[in-house]
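Asks: Turn this into a structure:
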Amino acid sequence: QVQLVESGGGLVQAGGSLRLSCAASGLTFSTYGMGWFRQAPGKEREFVAAISWNGVGTYYVDSVKGRFTISRDDVKNTVYLQMNSLKPEDTAVYYCAASSRGYRRPYEYAHWGQGTQVTVSS
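Replies: Reported below is the predicted structural model:
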């Protein structure tokens with residue numbers, strides 16, 4: 001049974017930082033691309049960042065480029081999202097997901113975590 005468990009969310013002031021973690025089990029982690037999505041109330045789920053199965057390729061939505069960094073540790077079966085210079089508009093539930101197809105579209109991901117709340121106060 002595949003499980004993706006996010007952690008690291010919370011409340012932070014604008015300009016602050018958080019690091020999200022997603023621990024994976026029940027899958028061959030090193031063969032999957034991993035992504036982070038977010039969903040704010042009343043909005044569609046939005047692609048945030050992804051990393052290829054071998055860690056060579058990283059992809060970001062324009063709004064987080066230069067502020068967020070995605071990385072992976074295949075020994076720990078964990079993907080991270082380092083979020084710096086946070087803004088109130090980054091407030092959302094953040095989900096990690098595993099893909100064997102592509103990176104930017106939710107339908108390309110086969111497995112999803114339960115999400116972790118990130119709230120950025122102004």
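
Asks: Got the confidence number for the spatially most central residue of the chain?
Replies: Central residue of the chain (C-alpha atoms, centre = their mean): Trp36, 2.4 Å from the mean position. Note for Trp36: predicted pLDDT of 98.

Asks: And for the one 4 residues further on?
Replies: The predicted local distance difference test score for Ala40 is 96.

Asks: sorry, back to before: with adjacent residues omitted, what lies nearest to the residue nearest to the centre of the chain?
Replies: Distances taken as C-beta to C-beta, 6 or more residues apart in numbering place Val48 nearest to Trp36, at 4.4 Å, with adjacent residues excluded. C-beta: built from backbone N, CA, C; applies to glycine.

Asks: next one: Arg105
Replies: Phe47 (7.4 Å).

Asks: what about the one you found, neighbour count?
Replies: Here the number of neighbours of Phe47 (other C-beta atoms under 10 Å) works out to 20.

Asks: So it versus Val5, what's the distance?
Replies: Per C-beta to C-beta, to the nearest Å, Phe47 is found 20 Å from Val5.

Asks: Equivalent analysis for Trp112, please.
Replies: For Trp112, the distance to Val5 (C-beta to C-beta) stands at 11 Å.

Asks: between the two, who's got more neighbours?
Replies: It is Trp112, of Trp112 and Val5, that has more neighbours when counted by other C-beta under 10 Å, with 17 against 14.

Asks: isn't that one right up against Val93?
Replies: No: between Trp112 and Val93 there is no contact under C-beta atoms under 8 Å: 11.4 Å.
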